[in-house]
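Asker: sequence and computational prediction follow.
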Amino acid sequence: MHEQLGKKWLCLDLPVWEYTEARKLQAQLVSRIKDGSIDTNVVLMLEHPPVFTVGRRGGSKNLTVSEGVLRKAGIPVIHVERGGDITFHGPGQLIVYPIIDLRAVNMSVTDYVEGLEEVMIRIAGQWGIKACRNPANRGIWVANNKLGSVGIAIRHGITFHGLALNVNLSLEPFGWINPCGLKDVGATSMERELSRKVRMNRVREGVKYHFKAVFGVDLIMTRLSELTVSQKV
Amino acid sequence: MKEIDELNMPDDVRYSDDHEWARLKADKVLVGLDDYAQDQLGDIVFVELPQEGDSFKKGEVFATVESVKAVCECYLPVGGKIVAANTALEEAPEMVNNSPYGDGWMVEVNPTDLSDMDTLMTNVDCVERLKGAA
């Protein structure tokens, strides 16, 4: 079982997916990996409709506009269990939520978080963008601007939440917050760095390729219906 | 991560499946994270503790610890009422890493049922379980 956990992980390519629905799906997958009804790790790839989320230690203090302004814009603010402070998600930002039994694959949390950053650094590099880590904050950066974020939660040794990579989304909502609770930093996207269109489906394929290489696993593409119907995969 | 043989797993505490430890102290139980848990998490930067007087069932989330943008749930290994929380961890969360069985203790519990202790693993069982999973 553990050998399989280390070698072949399932991957679901989902379309734009409501934040709360994706959160429920993650919680279900964590429970099913814990109770053994799914005996492999699962990687979700998706995009969210516009939403601000605030991590465990974050607060609305890092909103630079009132919650009323956000309501008027129709963007909800959701408090969640992941690490990190406030961030924005929206269409054009690639979300990867790996549901990984870290103990079964014998991986430390630090190695896992660095692995997620490495995937983003490599995909940026593939498009000719030189992104780096920043000792001030996790995630990946181009100069003082954040290109990709990491925030995870761990339940019974199993990770959920994950990474968010700015591909071709509108960056305007980042101007309404101090991203990650930091002042004097901004957000950027692959499209802004390159000053040309970047196709999300190509980035998705690239992320799968680099994810496999960084974590040393194979990703087996599956459908949500197969995952929810079959008790053993 | 440390090799299993390098882990400090003392025999004066009992261990849960999720790597919390429990130490009997008179009729109270002291609780913290074991060496495996702190080592796997890496540098802990924040500990969120319950209030004195809060009650939890065995296995319920009583605290969270945060390292490198990762928030990890902690489960109470014996049910009962929190009679003390180690608030020194709010200023010095790294004590969970540096002294997991000493200054890094998290809460003291007045147990509802002391026999919960019997459901926990000895250090020998815990190490065997880790070897089985490795």
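Answerer: Here it is on my side, so go on.
Asker: show me what from chain B comes close to chain A.
Answerer: B:1, B:18, B:39-43, B:46, B:48, B:64, B:66-73, B:75, B:133-134 (CB under 8 Å from any CB of the partner chain). Where you see a C-beta, it was placed from the backbone N, CA and C, and this is true even at glycine.
Asker: now do the strands in the chain.
Answerer: Going with chain A. Secondary structure of chain A, counting by DSSP state E: strands at A:8-16, A:42-47, A:51-54, A:77-79, A:86-89, A:93-99, A:132-134, A:137-142, A:145-155, A:158-166, A:186-187, A:218-222.
Asker: not quite, go with chain B.
Answerer: Under DSSP E, chain B gives strands at B:14-15, B:20-25, B:28-33, B:44-48, B:55-56, B:61-67, B:70-75, B:80-85, B:107-111.
Asker: residue A:182: which of those is closest?
Answerer: strand B:44-48 (15.0 Å; CB to CB).
Asker: who are the packing partners of that closest one?
Answerer: Packing partners of strand B:44-48 (3 or more CB pairs under 8 Å, 6 or more residues apart in numbering or on different chains; DSSP states H and E): strand B:61-67, helix B:95-98.
Asker: try it again at 10 Å.
Answerer: strand B:61-67, strand B:70-75, helix B:88-91, helix B:95-98 (3 or more CB pairs under 10 Å, 6 or more residues apart in numbering or on different chains; DSSP states H and E).
Asker: narrow the residues of chain B next to chain A to those that are buried.
Answerer: By neighbour count, with 16 or more other CB atoms under 10 Å in any protein chain shown, the residues of chain B next to chain A hold B:1, B:18, B:39-42, B:48, B:64, B:66-73, B:75 as buried.
Asker: look up the pLDDT of the residue nearest the centre of chain A for me, please.
Answerer: Computing the C-alpha centroid of chain A and ranking residues by CA atoms, centre = their mean puts residue A:163 first, at 2.3 Å. Note for residue A:163: predicted pLDDT of 97.
Asker: assess the claim that it and residue A:98 are in contact.
Answerer: Yes. The pair residue A:163 / residue A:98 is scored as a contact, 8.4 Å apart, by CB atoms under 10 Å.
Asker: now the common contact residues for these two.
Answerer: Here residue A:163 and residue A:98 have A:115-116, A:119, A:152, A:211 as joint contacts, going by CB atoms under 10 Å, 6 or more residues apart in numbering or on different chains.
Asker: between those residues, which sits nearest residue A:62?
Answerer: Proximity of these to residue A:62 was ranked by CB to CB; the top entry is residue A:152 with 19.4 Å.
Asker: any idea how far the closest one is from residue B:70?
Answerer: 5 Å (CB to CB, to the nearest Å).
Asker: give me the common contacts of those two.
Answerer: A:82-84, A:102, A:109, A:112-113, A:138, A:159, A:161.
Asker: counting neighbours, what do you get for residue A:126?
Answerer: Neighbour count for residue A:126, taken as other CB atoms under 10 Å in any protein chain shown: 15.
Asker: correct me, but it touches residue A:203?
Answerer: Yes. With contact defined as CB under 10 Å, residue A:126 and residue A:203 form a contacting pair (9.0 Å).
Asker: how many neighbours does residue 58 have?
Answerer: In the absence of a named chain, chain A is used. 24.
Asker: wrong one, I was asking about chain B
Answerer: The number of residues packed near residue B:58 is 18, by other CB under 10 Å.
Asker: how close does it get to residue B:118?
Answerer: Distance from residue B:58 to residue B:118, by CB to CB: 12 Å.
Asker: before we move on, what about residue B:125?
Answerer: 12 Å.
Asker: and these two? Which one has more around it.
Answerer: More neighbours surround residue B:125 than the other of residue B:125 and residue B:118, with 12 against 8 (other CB under 10 Å).
Asker: state the distance from that one to chain A.
Answerer: Plainly put, residue B:125 is 16 Å away from chain A if you go by CB to the nearest CB, to the nearest Å.
Asker: quick one, grab the pLDDT at the spatially closest residue to that residue that is not a sequence neighbour.
Answerer: Nearest non-adjacent residue to residue B:125, counting by CB to CB, 6 or more residues apart in numbering or on different chains: residue B:15, 7.6 Å away. Looking at residue B:15, its pLDDT reads 98.
Asker: what bridges to residue B:15?
Answerer: residue B:21, residue B:121 (DSSP bridges).
Asker: that one: neighbour count?
Answerer: 23.
Asker: contact partners for it?
Answerer: B:9, B:21-22, B:34, B:36-37, B:77, B:120-123, B:125-127, B:129-130.
Asker: make it 6 Å
Answerer: For residue B:15, the contacting residues are B:21, B:34, B:120-121, B:126, by CB atoms under 6 Å, 6 or more residues apart in numbering or on different chains.
Asker: which pair in those spans the largest distance?
Answerer: B:34 and B:120 (11.0 Å).
Asker: neighbour count winner among the two?
Answerer: Set residue B:34 next to residue B:120 and count neighbours by other CB under 10 Å: residue B:34 wins out with 23 against 20.
Asker: and that one, backbone torsions?
Answerer: phi -80, psi 180 (degrees, to the nearest 10).
Asker: close enough to count as contact, it and residue B:21?
Answerer: Yes. Judged on CB atoms under 6 Å, residue B:34 makes contact with residue B:21 at a distance of 4.8 Å.
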